[in-house]
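Q: next input, structure requested:
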Amino acid sequence: MKFSLIFFSFFLVFVCFSEAQESKTFSAIRTEHSPKIDGELDDRAWKETMPASRFTEFKPVPGRVETEDKRTEVRIVYDNTAIYIGARMYDEPDSIFREVMPRDNLANSDFIGIVFDTYLDRINAFGFYVSSTGTQFDAKYSNSGSEDNNWNAVWDSQVKIDSLGWTAELKIPYSALRFSSNDIQEWGLNMTRRRHMSNRQSSWNAIDPKVSGFINQSGELQGIKGIKSPVRLSFSPYLSSTVNHYPHNQPELQNTSSSFNGGMDIKYGINQSFTLDMTLVPDFGQIRSDNRVLNLSPFEVRFNENRQFFTEGTELFNKGNLFYSRRIGSNPAYIANINSRLLPGETVKEHPSQSKLLNATKISGRSQNGLGLGFFNAVTKRGFSRVQNSLGEERLIETHPLTNYNILVLDQSLKNNSSVTFLNTNVLRQGSAYDANVSSFLTNLNDRNNRYYISGAGKISYVGAETPGSSSNTGFNYELDAGKKSGNFTWGYGFELTDNKFDPTDLGYFNNNNFINNSLNLGFNSYTPGMVFNRFNTYMGIFQTQRFKPRAYQSSRASLGGFFEFKNFWTLNLDFYRQFMGKDFYEPRVAGKEYNTPASTYANFRLRSNPIRKYNAGVFFSARLREQFHGVGYVAGFYQNFRVKNRLSLGVDFNTQPQYDYSAWLGISKAKEIIFSRFDRNTIESMFDATYTFNSNMAIMARGRHYWSNRNNLAFYFLRDDGELQSHDGAEFKGTHTNYNVFNIDLVYSWRFAPGSELSLAYKNLSEDMESDNRMGYLQNFDHIMSQPQNNNLSLKILYYVDYLQLKRR
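A: I've put the predicted structure just below:
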């Protein structure tokens with residue numbers, strides 16, 4: 001508590017005596033002659049206004065003003081329905097990069113972008129970008145710069161390349177924005193341009209890379225008066241058809257199945273600030289395949305979320321790290337133990353690994369006084385396993401009940417990019433299954449120049465009784481962070497305490513509880529080009545963790561490293577750390593047991609060539625030396641990208657991760673001994689991807705991945721009470737090697753045939769196999785997985801965007 005008061009007093013001093021940076025202002029002009037969006041700047045509206053110009057570079061040379069022959073001029077006008085941007089980017093036509101890519105991928109192209117902070121809170125904003133080939137990119141920004149590029153709005157743009165360079169026109173309807181009901185609007189504004197040939201990026205209002213964040217470094221847009229938020233109501237009905245083939249080759253199971261689905265996404269503007277998003281009977285069959293791995297740790301693997309509804313506009317719900325959307329539908333946290341409910345002679349014939357999502361709803365937005373509100377609700381269907389007895393009789397056993405997921409967020413923006421937040425997650429299950437609830441209070445305070453910060457969190461979790469007669473659990477988590485995040489020299493201190501009952505995993509992701517963490521990090525950064533580097537960032541830090549109850553030392557490490565960008569735009573990463581001896585209370589997987597972890601030393605090297613070249617590549621190598629059994633582990637690999645033409649790009653990634661004389665948990669013997677093994681392991685992952693873009697609205701993308709990992713047990717040990725390993729004959733575990741292969745292909749054709757509307761055709765192939773045979777060669781494993789039964793899935797989906805206002809006009 002004394003430590004917290006010292007840092008809070010330190011923060012108040014800097015709030016009172018620091019000065020805010022000056023920013024530019026620009027006035028938009030109301031027009032009665034709305035420009036035609038064709039990329040030509042010959043409309044009357046553009047001739048009635050003066051341009052914003054004198055862009056300032058922020059990389060690679062911060063503060064350098066663009067030259068006259070490469071200048072940028074941007075004009076802004078508005079009417080009762082939209083705001084319009086007309087931009088002229090002067091350049092030599094041969095210097096303009098023109099790679100054609102699908103929506104939301106600017107890749108190797110020049111671009112112009114405009115960012116509106118419509119509430120002028122210096123924290124949240126909307127960004128709209130268009131490339132020199134017409135590709136659109138849009139994003140929502142929060143926390144002064146965190147980018148949500150999954151957010152999609154419906155807007156119009158066109159570009160033209162001519163002898164003076166290139167031009168762009170954008171029409172952003174007010175339905176794509178959220179703003180106050182005030183008659184006179186004052187927005188934050190910034191514009192940014194990238195010239196890919198010279199790898200330069202500049203902005204209208206200067207951005208200092210030494211200052212954390214960039215929304216807080218915006219200028220101001222004035223002159224907008226008398227606009228109103230329109231009725232924001234849109235429907236996106238979809239139809240999909242799927243054919244799936246898997247060679248079960250069993251009489252009671254069909255090899256080929258098909259389905260026809262329909263549903264709808266609804267978006268409704270409750271008022272000028274808040275929006276309701278709803279998906280009814282969604283179909284996520286075309287999302288990208290997960291990168292499945294062989295997991296030997298005691299912790300769950302965290303997969304990326306690829307379902308758009310759960311990635312778009314979720315910045316409020318992600319505060320506090322309590323929302324892991326994969327819990328909903330694709331990976332439920334609660335699945336009843338079916339084996340304990342089988343009758344004598346019964347076996348499981350079919351067991352669903354996923355729960356069916358029925359619907360999901362989001363309400364989110366921010367009022368003109370800076371109060372952000374978020375409400376999330378999702379409902380998943382009951383799930384059943386099908387079991388059969390020796391007489392062939394079948395019955396269903398419920399494995400996961402009808403479940404309701406809820407999140408409530410209240411987030412108040414304060415001065416100086418600060419905020420306070422309340423967040424609650426709640427999971428309600430039908431019947432006797434347990435419920436869960438987590439509440440948290442978060443605060444983030446910054447000084448006026450966004451240099452110094454102090455943040456904290458208090459969280460409480462409640463998990464109901466899982467079985468009759470058991471008790472519920474209530475747990476706590478506390479966090480405190482403080483430091484300096486802007487300038488050449490930065491530092492940060494972090495503290496986190498989690499008791500032994502804190503559990504947010506019913507709707508969140510959390511590896512383990514019962515710990516106290518302390519960390520201190522120092523950094524030195526240079527953003528001014530020198531003789532060798534354009535910029536570099538270096539760091540050093542120490543970390544120490546203890547078990548909270550009963551109190552005991554766990555582990556500690558010291559680390560240092562850096563990132564360096566050379567004058568030719570090649571980059572280098574170097575990292576080193578020393579992990580000291582400690583105790584692992586999780587690897588034994590039995591409460592009250594501990595494993596004495598050996599000391600280890602780690603080094604990492606990563607080199608990447610200039611990414612703007614048609615062919616660019618990177619190599620990486622790391623090594624870890626463990627003092628126990630003289631274990632050695634390596635990671636080595638490369639990646640390469642080749643732009644064959646402006647429409648075709650190829651990529652290849654490869655890495656290998658051999659480990660020799662490592663040790664880890666293996667299982668529990670019949671005598672209840674905890675068995676470890678010393679083993680060799682090899683992991684090889686190879687990926688290929690290709691994108692062919694017909695135009696900015698049509699593309700075909702292919703991705704293939706093969707992953708192989710094994711575990712070859714060499715010797716066996718049992719875990720003593722003092723945490724040391726002692727030799728064991730391992731008779732029960734001999735021959736229990738692990739060999740895992742997975743191969744998958746994703747092939748997607750997409751056509752955005754109208755604004756917000758899309759047709760997509762997807763083919764997915766998956767083959768997966770886990771065995772105890774120890775196949776030692778990569779090619780042998782590749783041949784093996786290709787000979788295994790493969791699941792083939794072909795789906796067609798049509799989504800059509802219907803805007804209420806356009807429908808009403810028609």
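Q: find the centremost residue of this protein, please.
A: When Cα atoms, centre = their mean is applied to the chain, the residue found nearest the centroid is residue 304 (6.7 Å).
Q: next, the contact list for that one, please.
A: Going by Cβ atoms under 8 Å, 6 or more residues apart in numbering, residue 304 touches 290, 291. (C-beta placed from N, C-alpha, C; glycine too.)
Q: that one in helix, strand or coil?
A: coil (DSSP: H, G, I helix; E, B strand; the rest coil).
Q: list the buried residues for the longest strand seen in the chain?
A: The strand that spans the most residues within the chain, counting by DSSP state E, is strand 698-719. Going by neighbour count (16 or more other Cβ atoms under 10 Å), the buried part of strand 698-719 is 698-703, 705-711, 713, 715-719.
Q: repeat for stretch 311-330
A: For stretch 311-330, burial by neighbour count (16+ other Cβ under 10 Å) applies to 311-330.
Q: next: stretch 456-476.
A: Buried residues in stretch 456-476 (16+ other Cβ under 10 Å): 456, 457, 459, 460, 461, 462, 463, 464, 473, 475.
Q: let's have the residues you listed in a markdown table, adding distance to residue 730 and pLDDT.
A: Shown next, in a markdown table, are these (distance: Cβ to Cβ, whole Å; pLDDT from 0 to 100):
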| residue | distance to residue 730 | pLDDT |
| --- | --- | --- |
| 456 | 48 | 96 |
| 457 | 45 | 97 |
| 459 | 42 | 97 |
| 460 | 44 | 97 |
| 461 | 39 | 97 |
| 462 | 42 | 96 |
| 463 | 37 | 93 |
| 464 | 40 | 90 |
| 473 | 36 | 91 |
| 475 | 37 | 96 |
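Q: can I get those residues in CSV with secondary structure and distance to residue 409?
A: As requested, the buried residues of stretch 456-476 are arranged in CSV below (DSSP: H, G, I helix; E, B strand; the rest coil; distance: Cβ to Cβ, whole Å):
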residue, secondary structure, distance to residue 409
456, strand, 17
457, strand, 14
459, strand, 14
460, strand, 16
461, strand, 17
462, strand, 18
463, strand, 21
464, coil, 23
473, strand, 24
475, strand, 21
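Q: how about stretch 29-48 as PDB, C-alpha atoms only?
A: Only the C-alpha atoms of stretch 29-48 are listed here, as PDB (Å, rounded to 0.1, in the frame of the first residue of the first chain):
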ATOM      1  CA  ILE A  29     -16.600  23.100 -45.600                       C
ATOM      2  CA  ARG A  30     -20.300  22.300 -46.000                       C
ATOM      3  CA  THR A  31     -21.100  21.700 -49.700                       C
ATOM      4  CA  GLU A  32     -24.300  21.800 -51.700                       C
ATOM      5  CA  HIS A  33     -22.600  20.000 -54.500                       C
ATOM      6  CA  SER A  34     -21.600  16.600 -53.300                       C
ATOM      7  CA  PRO A  35     -18.600  15.200 -55.300                       C
ATOM      8  CA  LYS A  36     -19.000  12.200 -57.500                       C
ATOM      9  CA  ILE A  37     -16.700   9.400 -56.100                       C
ATOM     10  CA  ASP A  38     -14.700   8.500 -59.200                       C
ATOM     11  CA  GLY A  39     -11.100   9.400 -58.200                       C
ATOM     12  CA  GLU A  40     -11.200  12.600 -60.200                       C
ATOM     13  CA  LEU A  41     -10.700  15.800 -58.300                       C
ATOM     14  CA  ASP A  42     -12.500  18.000 -60.800                       C
ATOM     15  CA  ASP A  43     -15.700  18.400 -58.800                       C
ATOM     16  CA  ARG A  44     -16.900  21.900 -57.800                       C
ATOM     17  CA  ALA A  45     -16.800  20.900 -54.100                       C
ATOM     18  CA  TRP A  46     -13.000  20.500 -54.200                       C
ATOM     19  CA  LYS A  47     -12.500  23.900 -55.700                       C
ATOM     20  CA  GLU A  48     -14.300  25.600 -52.900                       C
END
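Q: pLDDT weak spots in the protein?
A: Low-confidence segments of the chain (pLDDT under 70): 1-22, 144-145, 252, 331, 810.
Q: before we move on, the earlier item: which helices and strands does the longest strand of the chain pack with?
A: strand 659-668, strand 674-681, strand 683-695, strand 725-728, strand 738-754, helix 778-786 (3 or more Cβ pairs under 8 Å, 6 or more residues apart in numbering; DSSP states H and E).
Q: returning to that earlier point: so of the buried residues of stretch 311-330, which ones are in helices?
A: Those of the buried residues of stretch 311-330 mapping onto helices are residue 311, per DSSP state H.
Q: among the buried residues of stretch 311-330, which lie within strands?
A: Among these, no member falls in strands (DSSP E).
Q: look up phi and psi at residue 309.
A: Main-chain torsions, residue 309, degrees, to the nearest 10: phi -60, psi -30.
Q: quick one, what contacts it?
A: Residue 309 touches 265, 277, 279, 282, 360, 362, counting by Cβ under 8 Å, 6+ apart.
Q: buried deepest among the helices and strands packed on strand 698-719, which one?
A: strand 674-681 (a mean of 21; mean count of other Cβ atoms under 10 Å).
Q: list the helices and strands that strand packs on?
A: Going by 3+ Cβ pairs under 8 Å, 6+ apart, strand 674-681 lies up against strand 659-668, strand 698-719.
Q: kindly recompute the last result at 10 Å.
A: With contacts taken as 3 or more Cβ pairs under 10 Å, 6 or more residues apart in numbering; DSSP states H and E, strand 674-681 sits against strand 659-668, strand 698-719, strand 725-728.
Q: distance to residue 219 added to those strands, as TSV?
A: Listed next are the helices and strands packed on strand 674-681 as TSV, based on distance: least, Cβ to Cβ, whole Å:
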stretch	distance to residue 219
strand 659-668	53
strand 698-719	35
strand 725-728	63
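Q: mind checking which of these is nearest residue 492?
A: The closest of the helices and strands packed on strand 674-681 to residue 492 is strand 659-668. By Cβ to Cβ, the value is 32.4 Å.
Q: residue 390 and residue 344: what is the separation?
A: 9 Å (Cβ to Cβ, to the nearest Å).
Q: higher neighbour count, these two?
A: The residue with more neighbours, out of residue 390 and residue 344, is residue 390; 9 against 6, by other Cβ atoms under 10 Å.
Q: tally of neighbours for the nearest residue to that one once chain neighbours are set aside?
A: Sequence neighbours aside, residue 345 is the residue nearest to residue 390 in space, at 4.3 Å (criterion: Cβ to Cβ, 6 or more residues apart in numbering). Neighbour count for residue 345, taken as other Cβ under 10 Å: 10.
Q: could you do residue 67 as well?
A: 8.
Q: just residue 182 next, same as before
A: 12.
Q: surely it is in contact with residue 369?
A: No: counting by Cβ atoms under 10 Å, residue 182 does not reach residue 369; the two are 11.2 Å apart.
Q: shared neighbours, the two?
A: Counting by Cβ atoms under 10 Å, 6 or more residues apart in numbering, residue 182 and residue 369 have no contacts in common.
Q: what packs against the helix or strand that contains residue 276?
A: Using DSSP states H and E, residue 276 falls within strand 274-280. In terms of contacts (3+ Cβ pairs under 10 Å, 6+ apart), strand 274-280 is packed against strand 233-245, strand 256-269, helix 308-311, strand 357-366, strand 371-380.
Q: output the contacting helices and strands for the longest one.
A: Think strand 256-269. strand 233-245, strand 274-280, strand 357-366, strand 791-799, helix 804-809.
Q: need these in TSV with mean neighbour count and distance to residue 152, can you?
A: Output for these, formatted as TSV (neighbours: other Cβ atoms under 10 Å; distance: least, Cβ to Cβ, whole Å):
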stretch	mean neighbour count	distance to residue 152
strand 233-245	17	11
strand 274-280	18	11
strand 357-366	20	14
strand 791-799	17	12
helix 804-809	12	17
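Q: so which of these is nearest residue 208?
A: strand 357-366 (26.2 Å).
Q: paired strands for that closest one, with orientation please.
A: strand 274-280 (antiparallel), strand 371-380 (antiparallel) (DSSP bridges).
Q: the stretch 351-500 of the chain: strands as residue ranges?
A: Assigned by DSSP state E, counting those that start in this stretch, the strands in the stretch 351-500 of the chain fall at 357-366, 371-380, 383-388, 394-400, 403-414, 418-429, 436-446, 452-463, 473-484, 489-498.
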